[in-house]
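Colleague: Fold the following, please.
(5 chains, ligands or ions: 4)
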Amino acid sequence: MPDSILQVNDVSLAFGGVKALTEVSFAVERGSVFSIIGPNGAGKTSMLNCVSGRYQPQHGLINFDGHDVTELKPNDRARLGMGRTFQNLALFGHMTVLDNIMVGRHHLMKNNWLTGPLYWASPAQKEELNHRREVEEIIDFLDITHVRKAVAGTLSYGLRKRVELARAMALKPKLILLDEPMAGMNLEEKEDMARYILDLNEEFGITVVMIEHDMGVVMDISHQVMVLDFGKRLITGLPEQVMTDEHVKRAYLGLEDDSQLEEAS
Amino acid sequence: MNFELLLQLVINGLIVGLLYGVVGMCFVLVYKSTQIVNFAQGEFLLIGAWACWAMLVYLELPFFLGFFLSLGFMALFGVAIQMIVLRPMIGEPIISVIMITIGLSIFFQALTKWIFGVAPQSFPRVFDTQTINIAGLNIELAYLMSTVIALIIMVGFFLFFKYSKHGLAMRATAFDQQVAQSLGISVKQVFAMSWGIAATVSATAGVVIGMVNGVSDSLSVIGIKVFPAVILGGLDSIVGAIVGGVVIGVLENLAEFFDSQYLHIGNMYDIAPFYVLLIILWFKPYGLFGTKDIERI
Amino acid sequence: MSSLSMRPCGDFRTSYKQDNTIFETKTIRWFTAVIIVAACAVPFVFDAYYLTLFIQVSYLGIAALGLNILVGFTGQISLGHGAFFGFGAFASAWLNTQFSIPVVLTIPLAGFLTMAVGMMFGMPAARIKGLYLAIATLAAQFILEDFFARADWFSGGSAGSMAEPVTLFGFAFDSDESFFYIALFALVFMYIWGCNLMRSRDGRAFVAVRDHYLSAEIMGVKLNKYRLLSFGISSFYAGIGGALYAHYLGYVSAEGFTLMMSVQFLAMVIIGGLGSINGTLMGCVFMVLLPEFLAGGVGLVKMTEWGNTPMITDGLAYIKEMAIGLVIILFLIFEPEGLAHRWQQVKNYWKFYPFAY
Amino acid sequence: QESVFVGHLADMSGPTAFVGKMYADGVRDALTYINNTGGIDGTALEFETIDYAYKVPQAIASYKKWKSRNNMVAMQGWGTADTEALISFVAKDKIPVYSASYSGHLTDPMGKNPKTKKPAPYNFFYGASYSDSCRGLVQWAAQDWQEKRGKGKPKFTHIGANHPYPNAPKAACAAYAEELGFEVMAPVVISMKPGDFKAQCLSLKSSATNYGYIGNLGGSVLSLVKSCNTVGTDLQFMANIWGGDRLIFEAAGDGIKDYIFPTMGPFWSDDVAGMALVREISKVSDPAGEQSRVHHYMRGVCSVYYMKEAMLWAKKNGGITGENVRNGMYATKDWVPAGLEGVCLPATWTAEDHRGINQVNIYKGNYNAGDVKIEKVTEVTLERRADWLGF
Amino acid sequence: MAEAAEALSTPESVLSINNIEVVYDEVIQVLRGVSIEVPQGQIVTLLGPNGAGKSTTLKAISGLLRTENGEVTRGDIHFQGKRIDKQAPEQVVRDGLFQVMEGRRIIEDMTVIENLKLGAYTRTDGEIQQDIDMVFSYFPRLQERTGLAGYLSGGEQQMLAIGRALMARPKMICLDEPSMGLSPLLVKEVFGIIDKINKEQGITMLLVEQNANYALKAADYGYIMESGKIVLDGTKQQLLANEDVKEFYLGGGNEERKSFKNLKSYKRRKRWL
Ligand SMILES: Nc1ncnc2c1ncn2[C@@H]1O[C@H](COP(=O)(O)OP(=O)(O)OP(=O)(O)O)[C@@H](O)[C@H]1O
Ligand SMILES: Nc1ncnc2c1ncn2[C@@H]1O[C@H](COP(=O)(O)OP(=O)(O)OP(=O)(O)O)[C@@H](O)[C@H]1O
Ligand SMILES: [Mg+2]
Ligand SMILES: [Mg+2]
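Modeller: Residues are numbered from 1 along each chain as shown, chains lettered A, B, ... in the order given. Ligands and ions are numbered 1, 2, ... in the order given. Predicted coordinates for the structure are as follows:
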């Protein structure tokens, strides 16, 4: 059995009458790119929320990197090395980009409300600067140097997505969860984003779980794809396998006559 | 245990509580449509009561005429305040707007003191019998009247928010002014309407309380008393405001009962509701009827 | 927090250390130093009336800084800050008279005691949000006020309690001139503390919690800890401010710490600018000087002919109060984001000068 | 000396403005009148009135301002909280303060009584202390109970806010009531702001209190009387010095019956020798002479005139300084300021005892269809008991 | 570009933007002279990279700029011959120009139906129920969601936002990235709907999109914006044939579409400026 960093067993989640997830199981191999696709409202984001601790599944187990995290608080999961971005942008709107990313370093830093204010007289300054250096590297990597000091709330949509990614990377995660990282981007930017994702996967060795609607991207960069529909797992497999599945075609792609996607598959 | 006293206190609490409820509803109305916590609520009561008092005493109008005229005046007043002071604040941080209402409260409290003095003034007699007796407790007629008015207003508000187009528009405005504008809702109109209504209804309460206790600047204290009531019921619930008001009213009186009979701590009447408020909020963070914030990500 | 970094051209940063400083430019650093030195000379230049105002600014300013950490940075409205301020005042006096701890020590101790009380009342913050929390703090205000008037052992009850002056190495700081230095030191210390807090780990966590608590939690910030901690720190500031106030006045009365005082602190924070340390001090100066200016204005009115009618002279007190309300209103209408914002815009203007953008 | 400075603190817009305004008028008019008629033997009284709205910090700030800027020699103060807050300051700075707070604490200049928190050597007031006037009322109540042949022990309740001013006589008066054979009930707390006090009245009713001492003033007293009438209590209200005057009756209207209150001087309409001067003084702010002043106004005038006499003495004995003015207060016994005979009661201050007067006049008032009827009930002179000094 | 704009400024253009400049916060200039013409009954699309100022342009049209501390400092905007750049946003809506804002922006604490009803706020006719049914027939998923709209999934919210615009029955709709976050199937459907209401109801559209393929196919005319300036415009055919557009917006120029996997870290970037 391959080494899986994330195992989700039989997770079910319901909101009142709405069954968002029904007995979903999957495993993500360490170092891979794992995509979740599915129609709108299928429960993809809910799945991510269960993994990152925003929602408590009513049933099922989630194992991350050898720890049972099912009951853990979100901040403790972050500590274990789980970063994520959000579908409906969740940046700290009034902070600068730099500070936003520095928040990602939170759990790696030690200074607190007593030592931090003593700044010069404590290790705080050194610590701050060390982390700042690493954050700058991430900023460089994602090409957002020019907006480093801008207030996050005033950025355009696409840039904000990139800052979110930077913030998630700052956590030094082993696993990163991306919720529609390419929504609202044009082709060129999607290419950039794909490049970043690949780099962070290949160079930094971070496992990626990604929700995305752009089939081209999903096909090209993921190692495994899972399809959700109405809260249930439809199929898990290699991209080519998934793309040719009849159910998937009907429920999700609807690509009878779409030449572009055909050529992609 | 002194059951007679207990019963009388509870009845007293119910009746006073309903009045808190009415004022609370105005609060909720403004909050629901503008997200503004109106710290000048008490001053609306005060100004309404003084306006009515002036019409009856200076102009010597008959009660009902004076009363309705002052309601009309208050509607205009509410709209005017909104136009002059709150309109420029549309889209500004909520807390700045709250601070503005605090400024208004300071301003109007001083203004009424200047115009009408610091001494409390009594309303002229309106009803032949001022009180009636329920279970051995004398209750002012004005209070009973207000009970009826309270219920009518409550049902009205409830239907308004649930079903009317303007009610929807108000809620939308409260949620997101920018989106509301993008839907063609005139935020200005919505604000004007809600402040107008709130001022009018508060004035009613002000007149009722003024008839019982006399008119003085302390009427504005009701504005603070109503806070726990509204929070208890849930900031955005019309029914909650009434229930919260009644709960606070009864609580005060129960506190007085236990204090005077057993505890002898003193001042429990004023403080106990706040302890209870903290306890209730602990278990129901959005009050009894308030809607939870949507926490989706 | 500006969207542009305001640095004159040619002043480049060569290290992150330089980029992280509190004072953005050399000029500002010099300017600040000059201000502090100049402040030290105040007692020799100004008379006691101005000194009282300076001292008022410092103890109120310290408390307001704390409130801004809570309201401006963590986004939790508190209506009980005045009561916490009062608690600090009583606590310091109590520690000093009851346990004979020297005042220099009771002041920070009172800060920590108030911090504990603040966290106790902040506990609901873990569950309650927004205006519900604001009203819970209103409850704290009234409960504490009642406590002051009742707890004879602690506050001297409704009669109040005495507070000894600060003494250090046998020297008593009991005059305005000498106390001024204590106040100045405390203010500068707490100011720097605040600035440093906001540029280090926990300060960022506060702002993150304010801006988006859900994502903050997922980024590894312990929500409840920081919600509570910000109550604690803000009360700590309030406690320090209150303690200074107590030992300055020499007497603490149960009556002083009303809702109105809490509102006044809020006004300082909002007028100064939410989430701005410098703004808070500006707001504080504004709120302290406002009544003084108005008193002056009122005096002028009295001298005019039309102003000398009984209607006006009898109403002067009210006119003054109305003016306070009015100034707050007008101020917020024209500068809803506070003095700090205006200051920023002025700076931006000069940065780009002579171009408009 | 060409002129000396006197600070004047007043509450004309705060919670005690109801009476604060009238007292302040008395002080202001008197100060102005003294200046208009030649000052202190040629020395003008410079003064400034500050409306501090009953806020302690503002009072202290004003005090410091006057002290440092104006070289103040004496102060006319007002409230209980601020006066007590200033005790140590004025003692250190040697500036006599004539307050309108009649708190018993202020009467012990040497701190002789163990109950005294801190000695108040520079505090003076014209009037019987709150404790003493409450004692006077209790004395009257005991007699009244006997006359009415009430059965059993009469019950006594202190009613008022939990604030320094209403609380000032609470313990002292309760102790004395107990001494006289009253059953002292748990105090009833009502706020200083008017409101609906029916709940408190219901508990007063159910505890069957016979005599209720009102520690508050103004609007809240009115509310209390009204609420209790609605509830139908059967108790005898006894107000403190600030809680009873013509305006209370006018504002309360029909509801008010047999209301007992103390004074320390005559009413406007009384025909006493000193009234002529008071009327002259009143013309300062009311040239037409239309207003009829309440007794608080007169106490304001007395307060200033005792100070004036002390200053005259000081001028002759080394110049008007704070210390000399204080000594001037001790110079004579049983004295009345010149021209105010009958208006101010003869008073005595000594270096050991600042209980200026210990006499209380007790009145009963009624309102009847637009008519205020006030009649004198009795006059009580209290002992100068050592254990009552400063308590 | 200038001549193209001139060619278009025929009397039939409903919306014409004339050389506008927009400044945020009194100092941050975002648009630097943008001119756009939208002819009656047509679909015009506005493409461009992140941060180019597309959303800003739409906000300038609908008057919402002012709620964000922004200001049109130069130029003017005319809708049906009437100048609207100084008008209040609600008046613009009443005039018949509706904007679907970026990022869904539904009223989260109301139900789906209430949200739809709000879309029809400016209408006074009684056919609202009919239109609600119409929206449900477009997006059947919405009908099943009876709870508060805030609990809808991202895509469902997007559907609701589009549905709400349809409820207003405007003369013109400005759509800000309508396909964002929708599944491929739905993207196609949404463009189908856009096409349909354009053809059937004759509603003019200004479409800001990132999905250039679909957008250009649906549109009659297109503009490309970068850093606050229009850098290229032309008819659908012109743009589809343009090499740069092909490479940077449509994917795959002459050769086959390249795989995302094989992109180089360094890429050729086209900037028209
Ligand atoms: N907190 C919640 N309360 C109630 N219902 C919820 C909640 N969160 C999600 N849902 C419902 O669960 C279903 C799944 O939502 P989810 O956000 O996971 O979908 P999704 O797959 O991410 O869709 P999309 O691609 O549109 O974002 C939706 O129907 C949604 O309405
Ligand atoms: N409220 C604001 N205050 C200051 N600057 C702003 C504001 N809104 C937008 N901007 C700036 O204006 C520029 C254009 O933003 P806009 O949102 O119009 O871009 P866009 O073309 O819609 O991009 P995207 O495709 O990412 O949505 C950006 O650089 C952004 O930072
Ligand atoms: Mg989703
Ligand atoms: Mg955009």
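
Colleague: Please enumerate residues in contact with stretch C:253-264?
Modeller: Applying C-beta atoms under 8 Å, 6 or more residues apart in numbering or on different chains, the external contacts of stretch C:253-264 come out as B:102, B:224, C:60, C:78-83, C:85-87, C:89, C:138, C:141-142, C:144-145, C:148-149, C:155-160, C:287, D:54-57, D:81-82, D:84-85, D:163-164. Yep, even glycine has a C-beta here, placed from its N, CA and C like the rest.

Colleague: one more time with 6 Å
Modeller: With contacts defined as C-beta atoms under 6 Å, 6 or more residues apart in numbering or on different chains, stretch C:253-264 is touched by B:102, C:79-83, C:86, C:141, C:148-149, C:155, C:158, C:160, D:56, D:81, D:85.

Colleague: the domain parsing of chain B - what is it?
Modeller: Chain B breaks down by the TED database into domains covering B:40-163+B:191-215, B:217-296.

Colleague: So which of these is nearest D:C134?
Modeller: Closest approach to D:C134 among those is made by domain B:217-296 (17.7 Å; C-beta to C-beta).

Colleague: Would you mind finding the longest helix in chain D?
Modeller: Counting residues, the longest helix found in chain D (DSSP state H) is helix D:295-316.

Colleague: And the strands in the stretch 151-265 of chain A?
Modeller: Along the stretch 151-265 of chain A, the segments classed as strands by DSSP state E, counting those that start in this stretch run A:175-179, A:207-211, A:224-229, A:232-237.

Colleague: Let me know which of the ones you listed is the nearest to B:G290.
Modeller: strand A:175-179 (29.8 Å).

Colleague: ok, and does stretch D:2-11 reach over to chain C?
Modeller: No: shown here: stretch D:2-11 not in contact with chain C (C-beta under 6 Å from any C-beta of the partner chain), separated by at least 8.9 Å.

Colleague: mind checking how far E:T45 is from A:H213?
Modeller: If you measure E:T45 against A:H213 using C-beta to C-beta, to the nearest Å, the figure is 20 Å.

Colleague: Excluding chain neighbours, give the residue nearest to the residue nearest the centre of chain C in space.
Modeller: Nearest residue to the geometric centre of chain C (C-alpha atoms, centre = their mean): C:A64, 1.7 Å. Sequence neighbours aside, C:M268 is the residue nearest to C:A64 in space, at 4.3 Å (criterion: C-beta to C-beta, 6 or more residues apart in numbering or on different chains).

Colleague: So what's the residue count around that neighbour?
Modeller: Around C:M268 there are 29 other residues, counting by other C-beta atoms under 10 Å in any protein chain shown.

Colleague: What of A:I37?
Modeller: Neighbours around A:I37, by other C-beta under 10 Å: 28.

Colleague: Need the pLDDT of it.
Modeller: Per-residue pLDDT puts A:I37 at 91.

Colleague: from the chain's centre, how far out does the helix or strand just after the longest helix of chain D sit?
Modeller: Next helix or strand after helix D:295-316 toward the C-terminus (DSSP states H and E): helix D:322-330. Computed by C-alpha atoms, centre = their mean, to the nearest Å, the separation of helix D:322-330 from the middle of its chain amounts to 21 Å.

Colleague: ok so, going back, point out the ones among the contacts of stretch C:253-264 that are inside helices.
Modeller: B:I102, C:H81, C:G82, C:A83, C:G86, C:Q141, C:F148, C:A149, C:S155, D:V56, D:A81, D:A85.

Colleague: Identify the residues contacting the helix or strand the residue nearest to the centre of chain C falls within?
Modeller: Assigned by DSSP H and E, C:A64 falls within helix C:48-68. Applying C-beta under 6 Å, 6+ apart, the contact partners of helix C:48-68 are C:81, C:85, C:176, C:180, C:183, C:187, C:190, C:194, C:234, C:237-238, C:240-241, C:244-245, C:248, C:265, C:268-269, C:280-281, C:284-285, C:288, D:61, D:64-65, D:68-69.

Colleague: Could you give the average pLDDT over it?
Modeller: The average pLDDT for helix C:48-68 rounds to 90.

Colleague: what are the ranges of the helices in the stretch 51-200 of chain A?
Modeller: A:74-80, A:97-104, A:115-118, A:124-141, A:157-170, A:187-202 (DSSP state H, counting those that start in this stretch).

Colleague: Could you tell me which residues of the stretch 101-250 of chain A lie near chain E?
Modeller: Counting by C-beta under 6 Å from any C-beta, the residues of the stretch 101-250 of chain A near chain E are A:156, A:158-159, A:180, A:183-189, A:191, A:194-195, A:213, A:215, A:217, A:220-221.

Colleague: what's the burial count for residue 148?
Modeller: Went with chain A since none was named. 17.

Colleague: wait, I meant chain C there
Modeller: By other C-beta under 10 Å, neighbour count at C:F148 equals 27.

Colleague: Next one: the residue nearest to it when sequence neighbours are not counted from ligand 1, what distance?
Modeller: Nearest residue to C:F148 in three dimensions, chain neighbours excluded: C:A254, at 4.1 Å (C-beta to C-beta, 6+ apart). Computed as C-beta to the nearest ligand atom, to the nearest Å, the C:A254 to ligand 1 distance reads 48 Å.

Colleague: same question, E:L97
Modeller: From E:L97 to ligand 1 the distance is 28 Å (C-beta to the nearest ligand atom).

Colleague: Report the beta-bridge partner residues of that residue.
Modeller: Beta bridges link E:L97 to E:M172, judged by DSSP bridges.

Colleague: Report the contact partners of D:M75.
Modeller: Counting by C-beta under 6 Å, 6+ apart, D:M75 makes contact with D:G7, D:V97.

Colleague: Am I right that it falls within a strand?
Modeller: Yes: assessed by DSSP: H, G, I helix; E, B strand; the rest coil, D:M75 belongs to a strand.

Colleague: Mind jotting down where the helices sit in the stretch 201-350 of chain C?
Modeller: C:201-211, C:213-218, C:223-249, C:259-272, C:277-303, C:310-334, C:339-352.

Colleague: same question but for the stretch 51-200 of chain D, I mixed them up
Modeller: D:56-65, D:80-93, D:130-147, D:164-167, D:170-179, D:198-206.

Colleague: I'd like the ones you listed as CSV, with mean pLDDT appended.
Modeller: Shown next, in CSV, are these (pLDDT from 0 to 100):
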stretch, mean pLDDT
helix D:56-65, 82
helix D:80-93, 87
helix D:130-147, 92
helix D:164-167, 87
helix D:170-179, 93
helix D:198-206, 89
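
Colleague: Ok, which of these comes nearest ligand 1?
Modeller: helix D:198-206 (44.5 Å; C-beta to the nearest ligand atom).

Colleague: So what touches that closest one?
Modeller: Contacts for helix D:198-206 (C-beta under 6 Å, 6+ apart): B:2, B:5, B:8-9, B:12, B:253, B:256, B:260, B:269, D:188, D:190, D:227-228, D:231, D:233.

Colleague: related to what we said a few turns ago, for D:G243, which of the helices of the stretch 51-200 of chain D is the nearest?
Modeller: Set against D:G243 and scored by C-beta to C-beta, the helices of the stretch 51-200 of chain D come closest in helix D:164-167, at 9.4 Å.

Colleague: neighbours around residue 196, how many?
Modeller: All of this refers to chain A. The local packing of A:Y196 (other C-beta under 10 Å) involves 19 other residues.

Colleague: wrong one, I was asking about chain B
Modeller: Neighbours around B:G196, by other C-beta under 10 Å: 19.
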